[in-house]
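In: let me see the structure of the following:
(one chain, ligands or ions: 2)
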Amino acid sequence: MKKDLLVMGIETSCDETAVAIIKNEHEILANVVASQIESHKRFGGVVPEIASRHHVEQITIVLEEALNKAGLTFQELDAIAVTEGPGLVGALLIGVNAAKALAFAHNLPLVPVHHIAGHIYANRLVTEMKFPLLALVVSGGHTELVYMKEHGHFEVIGETRDDAAGEAFDKVARTLNMPYPGGPHIDRLAQEGNPVIDLPRAWLEEGSYDFSFSGLKSAVINTVHNAEQRGEKIAPEDLAASFQKSVIDVLVKKAERAVAEYGVKQLLLAGGVAANKGLRDALKEAFADKGEIELIIPPVSLCTDNAAMIAAAGSIMFKKGKRAELALNANPGLEIEKYNN
Ligand code: KG4
Ligand code: ZN
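Out: Ligands and ions are numbered 1, 2, ... in the order given. Below is the predicted model:
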């Protein structure tokens with residue numbers, strides 16, 4: 001009988017300390033996430049120093065909990081996968097050092113994982129991936145369309161030229177006096193409003209798959225300030241709905257165009273903003289009549305940062321022979337195309 005492949009994933013790139021164990025590439029045995037959101041809220045964003053300190057405090061507890069949940073010991077694992085970048089350097093270092101220490105102590109292979117590759121592979125926890133495919137990655141730090149001709153090979157065909165989609169959500173939420181992270185609050189508010197306020201959509205040059213959200217963000221802020229100066233009141237739910245629709249219109253249209261041009265079998269949605277109900281619904285509607293082309297959307301819990309996605313990507317990379325030396329360092333600006341196998 002073939003032995004099960006058991007891979008542990010460790011993720012500490014931003015404000016979640018996360019450890020997961022995945023069996024045979026896709027079965028989640030444990031997926032533990034310790035969120036620090038409460039600690040960063042009062043500062044309106046993630047404070048890197050505080051993030052690192054929390055990771056140090058949490059990492060051994062989260063590791064132990066994951067092993068307990070899976071009912072496994074380190075000796076039974078086949079590999080340790082860890083996010084090497086991109087992310088906050090001090091935060092990444094905690095996960096990388098924990099992974100290195102464990103790999104050394106238990107004589108296990110160490111597999112480096114790119115954070116965005118992890119987000120894309122959250123989809124592997126839901127279904128098989130069929131190539132070629134496109135991934136629409138929308139997170140707090142990235143907005144990209146990624147083409148994959150095979151496992152472990154990533155080609156960025158478009159990316160944001162300024163703010164990431166999640167960043168725009170968070171900044172607009174701050175303008176509307178909502179707590180960090182603002183994306184889920186805008187999402188909720190948008191469901192109560194109507195997109196009646198005219199806001200720009202940056203389509204950029206003909207044929208471009210790049211994105212730009214800073215103009216939209218400024219337009220929202222100006223709309224709020226102008227109304228304040230005139231003593232008028234704008235319904236925040238309508239503003240949230242209008243902003244969200246501007247973001248979604250561009251994301252969906254560009255994804256639809258790319259899917260047709262590249263002749264892919266699947267469109268995968270990935271990243272924290274993939275939790276957005278408006279975006280999920282708009283994509284489902286747009287892909288309802290696309291015949292053979294599958295739209296894959298992971299459950300909300302696998303869209304925001306977690307280690308199951310790191311273990312899922314790590315399992316594939318492990319099988320493809322990707323390994324890190326024990327000299328592995330955190331790589332805060334790691335580009336996905338540099339990570340290609
Ligand atoms: O992927 P992620 O957890 O972390 C990064 O790698 O950046 O993404 C976090 C981002 C934040 O900007 C957050 O506001 C956004 O995802 N987000 C959402 C929703 N849930 C999380 N944005 C819009 N609607 C949501 N429901
Ligand atoms: Zn992320």
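In: just give me the neighbour total for P109.
Out: Neighbour count of P109, defined by other CB atoms under 10 Å: 17. (C-beta placed from N, C-alpha, C; glycine too.)
In: with Q244 instead?
Out: By other CB under 10 Å, neighbour count at Q244 equals 26.
In: what does L199 give?
Out: 19.
In: give me the distance between it and ligand 1.
Out: To ligand 1, L199 is 16 Å away according to CB to the nearest ligand atom, to the nearest Å.
In: go on, G215?
Out: For G215, the distance to ligand 1 - CB to the nearest ligand atom - is 18 Å.
In: and for I120?
Out: According to CB to the nearest ligand atom, I120 and ligand 1 sit 11 Å apart.
In: skip ahead from the helix or strand where that residue lies and say which helix or strand is next.
Out: Element membership for I120 (DSSP states H and E) is helix 115-121. Next helix or strand after helix 115-121 toward the C-terminus (DSSP H and E): strand 133-138.
In: spatially central residue in this protein, please.
Out: Nearest to the geometric centre of the chain sits G271, at 2.5 Å (CA atoms, centre = their mean).
In: that one reaches L145, doesn't it?
Out: No: in this structure, G271 is not within contact of L145 by CB atoms under 8 Å, at 11.8 Å.
In: now do the shared contacts for the two.
Out: Taking CB atoms under 8 Å, 6 or more residues apart in numbering as the contact rule, G271 and L145 both touch V137.
In: three-state assignment of A260?
Out: Classification of A260 by DSSP: H, G, I helix; E, B strand; the rest coil places it in helix.
In: run a quick neighbour tally on it.
Out: A260 is flanked by 11 other residues according to other CB under 10 Å.
In: ok, then the element right after the least confident helix or strand in the chain by mean pLDDT?
Out: Every helix and strand of the chain was ranked by mean pLDDT, DSSP states H and E. The lowest is helix 37-41, at a mean of 91. Downstream of helix 37-41, the first helix or strand assigned by DSSP H and E is helix 48-70.
In: packing partners for that next one?
Out: When contacts are defined as 3 or more CB pairs under 8 Å, 6 or more residues apart in numbering; DSSP states H and E, helix 48-70 packs onto strand 6-11, strand 16-23, strand 27-35, helix 37-41, helix 89-106.
In: the first one pairs with which strands, and in what direction?
Out: It stands for strand 6-11. Sheet pairing for strand 6-11, assigned by DSSP bridges, gives strand 16-23 (antiparallel), strand 79-85 (parallel).
In: the longest one near ligand 1 anywhere?
Out: No: for strand 16-23, no contact with ligand 1 is found by CB under 6 Å from any ligand atom; the gap never falls below 7.3 Å.
In: to I296, which of the strands paired with strand 6-11 lies closest?
Out: In terms of CB to CB, the element of the strands paired with strand 6-11 nearest to I296 is strand 16-23, at 17.4 Å.
In: give me the domain ranges for this structure.
Out: Annotated domains of the chain cover 6-121+303-340, 130-297 [automatic domain parsing].
In: tell me which of the ones you listed sits most buried.
Out: Highest mean neighbour count among the domains of the chain (mean count of other CB atoms under 10 Å): domain 6-121+303-340, with a mean of 21.
In: sketch out the low-pLDDT regions of the protein for me.
Out: Across the chain, the ranges flagged by pLDDT under 70 are 1.
In: redo that, cut-off 90
Out: 1-2, 42, 44, 290-291, 341 (pLDDT under 90).
In: how much space between the residue in the stretch 1-150 of the chain positioned nearest to ligand 2 and ligand 1?
Out: Using CB to the ion, the closest approach of the stretch 1-150 of the chain to ligand 2 is made by S139 at 4.5 Å. From S139 across to ligand 1, the span is 3 Å (CB to the nearest ligand atom).
In: hang on, that residue packs against A275?
Out: No: under the criterion of CB under 8 Å, S139 makes no contact with A275, lying 10.2 Å away.
In: for the stretch 151-300 of the chain, what spans make up the strands?
Out: Along the stretch 151-300 of the chain, counting by DSSP state E, counting those that start in this stretch, strands occupy 155-159, 266-270, 294-296.
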